[in-house]
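K.L.:
take this sequence and fold it.
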Amino acid sequence: MNITFKPITKENIQVPLDIYNWYVLNSTATFHLEPIPQKELERMLSIGHSKYQSFVIVFESEICGFCYLSQFRYKEAYDKSSEITLYLKRDTTGKGIGKTTLSYLEKIAKKNGINNLVAVVTEGNNASIALFEKAGYFKVGHLKNIGEKFGETLDVVSYQKEI
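P.N.:
Residues are numbered from 1 along each chain as shown. Sure, this is the predicted structure:
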C-alpha cells in the first residue's frame, strides 16, 4: 500500500479544508455547524508547530485525508499528551489508511516527547471507534448528551493510548 504523509502548509490546506467542511455539513464527526474558513483550520492544525504536527495523507498519488496531533489542554502539565485526529475522504475508508495513519502519528508523537494520545469520537461513529480499538486505544470517558447537531443530541466518547 502506497501511503505517504506531507506536512500541511498554507499552500496545500485547501483539500483538507474541503474534506473537513464536507464532514461539517454531512456528519456528526465534528461539532462545527457551519463550514469553517481556512484561518480556523490553520489554527486547529497548529500549522508549523514543531510538536503538534499536521499532515495530508497521500494515497495512490492523491490527497485522501488529513491527520494531526493537537494540544490536549492548554496547561503545561498536559504537554506529554496530545489529541489525535484524522479525517478521510468518504470513498477512501476501509482500505487500511486509518490504521497506517494512526501508526504514523504515534511515531511522530513519540519522537516529539508525547506519550499519551487521546481520541475524541462522537458516539455512533462505529468505524472510528473500531479503528481506535483495533489500534490498542481503550475507552476512558463518555460524555452524555454533550452536543447537538442536525436536531440530534449526541454523546462523545474518549479513547486513550499510552505509547
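
K.L.:
which parts of the chain are strands?
P.N.:
3-7, 54-59, 62-71, 81-88, 116-122, 138-149, 152-162 (DSSP state E).

K.L.:
give me the nearest residue to the residue nearest to the spatial centre of the chain, chain neighbours excluded.
P.N.:
In the chain, the centroid-proximal residue (Cα atoms, centre = their mean) is Thr85; its distance is 1.4 Å. Spatially, and ignoring its direct neighbours in sequence, Thr85 is nearest to Tyr68 (5.5 Å; Cβ to Cβ, 6 or more residues apart in numbering). To be clear about C-beta, it is placed using only N, CA and C from the backbone, and glycine gets the same treatment.

K.L.:
give me phi/psi at Phe72?
P.N.:
Main-chain torsions, Phe72, degrees, to the nearest 10: phi -70, psi -50.

K.L.:
what about it, how many residues nearby?
P.N.:
19 (other Cβ atoms under 10 Å).

K.L.:
show me what contacts it?
P.N.:
78, 81-83, 116, 118 (Cβ atoms under 8 Å, 6 or more residues apart in numbering).

K.L.:
picking that back up, next, count neighbours for the residue nearest to Thr85.
P.N.:
24.

K.L.:
and it, how far from Lys144?
P.N.:
Tyr68 sits at a distance of 27 Å from Lys144 (criterion: Cβ to Cβ, to the nearest Å).

K.L.:
just the buried positions in the longest helix belonging to the chain, please.
P.N.:
Taking DSSP state H as the criterion, the chain has its longest helix at helix 97-111. Within helix 97-111, the residues that count as buried by 16 or more other Cβ atoms under 10 Å are 97-98, 100-102, 104-106, 108-109.

K.L.:
apart from its chain neighbours, what residue comes closest to Leu143?
P.N.:
Take Leu143 and drop its neighbours on the chain: the residue closest to it by Cβ to Cβ, 6+ apart is Val156, 4.7 Å away.

K.L.:
also Gly136?
P.N.:
Lys161 (5.5 Å).

K.L.:
state the pLDDT value of the one you found.
P.N.:
Lys161 carries a pLDDT value of 98.

K.L.:
one more: Gly94?
P.N.:
Listed pLDDT for Gly94 reads 80.
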